[in-house]
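Asker: Curious how this folds, go ahead:
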Amino acid sequence: MPVARSWVCRKTYVTPRRPFEKSHLDQELRLIGEYGLRNKREVWRVKFTLAKIRKAARELLTLDEKDPWRLFEGNALLRRLVRIGVLDEGKMKLDYILGLKIEDFLERRLQTQVFKLGLAKSIHHARVLIRQRHIRSSLLLWLLTRPPGIRIILPSPQQNAVFPAGLHPKKDLL
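Answerer: Numbering: from 1, shown residues only. The predicted structure is shown next:
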């Protein structure tokens, strides 16, 4: 007998209301180049995630400080943002969520972390290494809580070309 599966299909991004506004086009293009994104949909997806988080924080801020719903949901939201590395532990207040930027989320992507650690020659090379599964994460692929969470597949034919002479992935990263 077949197993019934239900998938919740909903949009993960929202397109801009004014698609040809020069300031938005320039900002999106800068983000794509700086973080090695594939297309503007990836930028819109992160913007949509940030908008949902900020909306939840704004709704919680309208409630009384002693409200049990605000205490429960606010702490859950703050802990989640600290766990994924977007918010510092010293800034665990709902007011700080409103100050988050899209760059805070893009900095936590695996691709950006691999490039910042020096494991790839460029941000685009980091994307290729992840896509070809030379570098994997045991966590969500686009979020890292700590760089030691990166796992490098050792029998890779590109290993000698990727790693500098002084860095051995088995000893230094694992």
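Asker: For the protein, give the helix that spans the most residues.
Answerer: In the chain, with assignment by DSSP state H, the single longest helix is helix 40-61.
Asker: tell me which residues of that helix are tucked away?
Answerer: K40, E42, V43, W44, R45, V46, K47, L50, I53, A56, A57, L60 (16 or more other CB atoms under 10 Å). C-beta coordinates here come from the backbone N, C-alpha and C atoms, glycine included.
Asker: gap between the second one and W7?
Answerer: Translated: E42. E42 is 21 Å from W7, where distance means CB to CB, to the nearest Å.
Asker: Repeat that for the fourth one.
Answerer: Relative to W7, W44 is positioned 21 Å away (criterion: CB to CB).
Asker: If we ignore the residues flanking it in sequence, what's nearest P16?
Answerer: Leaving aside its sequence neighbours, P16 sits nearest to H24 (CB to CB, 6 or more residues apart in numbering; 5.6 Å).
Asker: what's around that neighbour, how many residues?
Answerer: 15 (other CB atoms under 10 Å).
Asker: And for the one 4 residues further on?
Answerer: Under the neighbour criterion other CB under 10 Å, E28 is assigned a count of 19.
Asker: any idea how far it is from T15?
Answerer: E28 is 11 Å from T15, by CB to CB.
Asker: ditto for I84
Answerer: For I84 relative to T15 (CB to CB), the value is 25 Å.
Asker: These two - which one has more neighbours?
Answerer: Per other CB under 10 Å, whichever of I84 and T15 has more neighbours is I84, with 17 against 10.
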